[in-house]
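Colleague: Give me a 3D structure for the following:
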Amino acid sequence: MRNLCLLGASGNVGSQSLDVIGADPASFCLKAISVGHQVAKIPAILKRFPSITHLCVEEEADAASLRIAYPKLNVFEGEEGLSSLIEESDCEMVENALVGFVGLVPTLKTLRLGKILCLSNKESLVVGGELVKALLATSRGVVYPIDSEHVALSKCLRKVNRQAVDKLVLTASGGAFRNLRRDELENVTPAMGLCHPTWKMGPKITVDSATMMNKGFELIEAHYLFDWPLSRMEIVLHDESQVHSALRLKDGSYVADVGPADMKGPIAYALYEGKGPYEVQRAKTLNELGPFHFHKFTPERYPAVGMCLDAFKKGGTAPCVLNAANEVADRLFLEGKMPFLSIERACALALREIPHIMKPTLRDILRADAYARMLVERRFGGTH
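Modeller: Below is the predicted model:
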């Protein structure tokens with residue numbers, strides 16, 4: 001049985017993780033959770049999982065109230081509380097289902113302590129990939145991905161000789177606006193942006209799917225997870241989101257992971273540490289995998305992907321600046337304070353104006369993140 005700490009238990013991935021954990025009490029003992037601002041969800045989670053002994057929330061006032069209501073619980077608050085939760089709950093496995101930059105320090109803390117990390121927080125690798133890589137080389141910590149694309153690639157790479165692989169193929173839905181031209185995107189609304197065609201996800205990742213910033217981030221994530229060059233990865237648009245990703249072999253054939261657009265399978269893959277008889281499909285072409293539709297990815301339609309590649313090539317704090325600008329811009333779009341296409345404009349501005357640092361320390365990354373957020377908020381935070 002694994003003692004488990006679940007960060008982001010109230011979010012989309014976290015809520016589905018609770019279902020996976022609850023379905024197998026012989027394998028998992030949930031001892032610690034964080035829920036951010038979603039304190040209203042705490043009573044139901046505690047009732048469902050009486051094994052929980054440690055809890056973290058965002059606000060100090062909420063933490064104070066919870067200490068009175070649940071005197072036997074160890075309650076922490078804020079970003080520092082997340083690190084305390086990981087260390088003091090004494091769990092050998094941590095699932096990081098946090099959304100955004102806030103997940104970086106918990107990822108580093110988990111690996112520094114030599115724990116098993118089930119990682120849904122892609123931003124950890126985007127902004128701190130080199131720090132994570134160094135920790136994996138020097139600690140006992142291990143990482144299992146939760147993103148469906150990377151779980152698919154992990155399954156497929158286990159079934160073939162890496163020397164036989166030509167490219168990693170990451171599939172993408174194209175997001176809520178995939179049937180619109182760029183000149184039709186000026187006046188799209190947040191409500192329209194949240195209507196994802198195939199997945200049910202949280203608001204930020206749904207917007208990132210529409211810009212395809214998430215797919216650029218996933219290329220960077222795949223580089224760090226599989227030690228694979230970005231020059232040997234490609235994106236293919238896939239309407240149904242059932243081919244989660246694939247390998248193109250040097251003989252021209254494909255190995256792919258095919259299944260429903262549901263996160264519980266990828267979550268289980270990580271929580272069970274990649275164990276189990278996982279099946280993949282082999283085909284001469286992608287179209288042989290099923291009655292699916294695939295389309296060529298056009299970089300001009302989704303320039304956010306190019307921004308990600310350029311930031312990765314520049315290295316240093318550039319990916320951190322891009323992520324920070326994107327997080328603020330996503331929020332401003334969802335709040336109706338800036339147009340959809342200004343998400344890309346805000347990111348480009350931050351990359352131009354924030355000073356660049358090569359080989360950054362964690363402190364450098366934290367500072368670059370803060371500067372980029374302030375810049376985008378100041379330039380784009382007013383109503384339009």
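Colleague: buried stuff in the lengthiest helix in the chain?
Modeller: Taking DSSP state H as the criterion, the chain has its longest helix at helix 362-380. If you call a residue buried by 16 or more other Cβ atoms under 10 Å, then helix 362-380 has these buried ones: 365-369, 371-373, 375-377, 379-380. C-beta here means a position set from N, CA and C on the backbone, and glycine is covered the same way.
Colleague: all strands of this protein, in order?
Modeller: 2-7, 28-34, 54-57, 74-77, 93-96, 116-119, 142-145, 165-172, 233-238, 243-249, 254-258, 281-283, 294-296 (DSSP state E).
Colleague: could the ones you listed go into CSV alongside mean pLDDT, mean neighbour count and distance to G306?
Modeller: As requested, these are exported to CSV (pLDDT from 0 to 100; neighbours: other Cβ atoms under 10 Å; distance: least, Cβ to Cβ, whole Å):
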stretch, mean pLDDT, mean neighbour count, distance to G306
strand 2-7, 98, 24, 31
strand 28-34, 98, 24, 34
strand 54-57, 98, 26, 37
strand 74-77, 98, 20, 39
strand 93-96, 98, 27, 28
strand 116-119, 98, 25, 25
strand 142-145, 98, 21, 24
strand 165-172, 98, 22, 14
strand 233-238, 98, 20, 11
strand 243-249, 97, 23, 20
strand 254-258, 97, 23, 25
strand 281-283, 96, 16, 29
strand 294-296, 96, 12, 15
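Colleague: show me what contacts the nearest residue to V142 once chain neighbours are set aside?
Modeller: Nearest residue to V142 in three dimensions, chain neighbours excluded: I116, at 5.6 Å (Cβ to Cβ, 6 or more residues apart in numbering). Applying Cβ atoms under 8 Å, 6 or more residues apart in numbering to I116 gives the contacts 2, 92-94, 141-142, 144, 273.
Colleague: same thing with G274?
Modeller: Contacts of G274 by Cβ under 8 Å, 6+ apart are 144, 154, 158.
Colleague: nearest to F226, of these?
Modeller: Minimum distance to F226 across these is 7.7 Å, recorded for S154 (Cβ to Cβ).
Colleague: Distance-wise, check the closest residue to N187 other than its chain neighbours relative to L332.
Modeller: Once flanking residues are discounted, N187 sits nearest to P339: 7.5 Å by Cβ to Cβ, 6+ apart. The spacing between P339 and L332, counted by Cβ to Cβ, to the nearest Å, is 10 Å.
Colleague: between the two, which one's more packed in?
Modeller: Taking neighbours as other Cβ atoms under 10 Å, P339 and L332 compare with L332 leading, 22 against 17.
Colleague: List the residues that contact the nearest residue to that one once chain neighbours are set aside.
Modeller: Residue nearest to L332 in three dimensions, not counting chain neighbours: M338, with 4.4 Å by Cβ to Cβ, 6+ apart. Residues near M338 by Cβ under 8 Å, 6+ apart: 329, 332, 346, 380, 384.
Colleague: Next one, pLDDT for M338 please.
Modeller: At M338, the pLDDT value in this model is 95.
Colleague: do T198 as well
Modeller: So, for T198, pLDDT stands at 89.
Colleague: Could you report the distance from the spatially closest residue to it that is not a sequence neighbour to L170?
Modeller: Nearest residue to T198, sequence neighbours excluded (Cβ to Cβ, 6+ apart): S241, at 3.8 Å. For S241, the distance to L170 (Cβ to Cβ) stands at 12 Å.
Colleague: try C5
Modeller: Taking Cβ to Cβ, one finds C5 at 29 Å from L170.
Colleague: do the same with T110
Modeller: 25 Å.
Colleague: List of residues touching stretch 30-50?
Modeller: 3-11, 18, 21-22, 51-59, 62, 66, 70, 81-82, 85-86, 89-91, 98.
Colleague: Would you write a ChimeraX line that selects the buried entries of the residues you listed?
Modeller: The buried subset of the contacts of stretch 30-50, as determined by 16+ other Cβ under 10 Å, is captured in ChimeraX by this line:
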select :3,4,5,6,7,8,9,10,11,18,21,52,53,54,55,56,57,58,62,66,81,82,85,86,89,91,98
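Colleague: Just the ones of the contacts of stretch 30-50 in helices?
Modeller: 18, 21-22, 62, 66, 81-82, 85-86.
Colleague: can you put the residues you listed in JSON lines and add pLDDT and distance to M233?
Modeller: JSON lines is the format used below for these (pLDDT from 0 to 100; distance: Cβ to Cβ, whole Å):
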{"residue": "L18", "pLDDT": "98", "distance to M233": "33"}
{"residue": "I21", "pLDDT": "98", "distance to M233": "32"}
{"residue": "G22", "pLDDT": "97", "distance to M233": "36"}
{"residue": "D62", "pLDDT": "97", "distance to M233": "42"}
{"residue": "L66", "pLDDT": "98", "distance to M233": "44"}
{"residue": "G81", "pLDDT": "97", "distance to M233": "37"}
{"residue": "L82", "pLDDT": "98", "distance to M233": "31"}
{"residue": "L85", "pLDDT": "98", "distance to M233": "35"}
{"residue": "I86", "pLDDT": "98", "distance to M233": "31"}
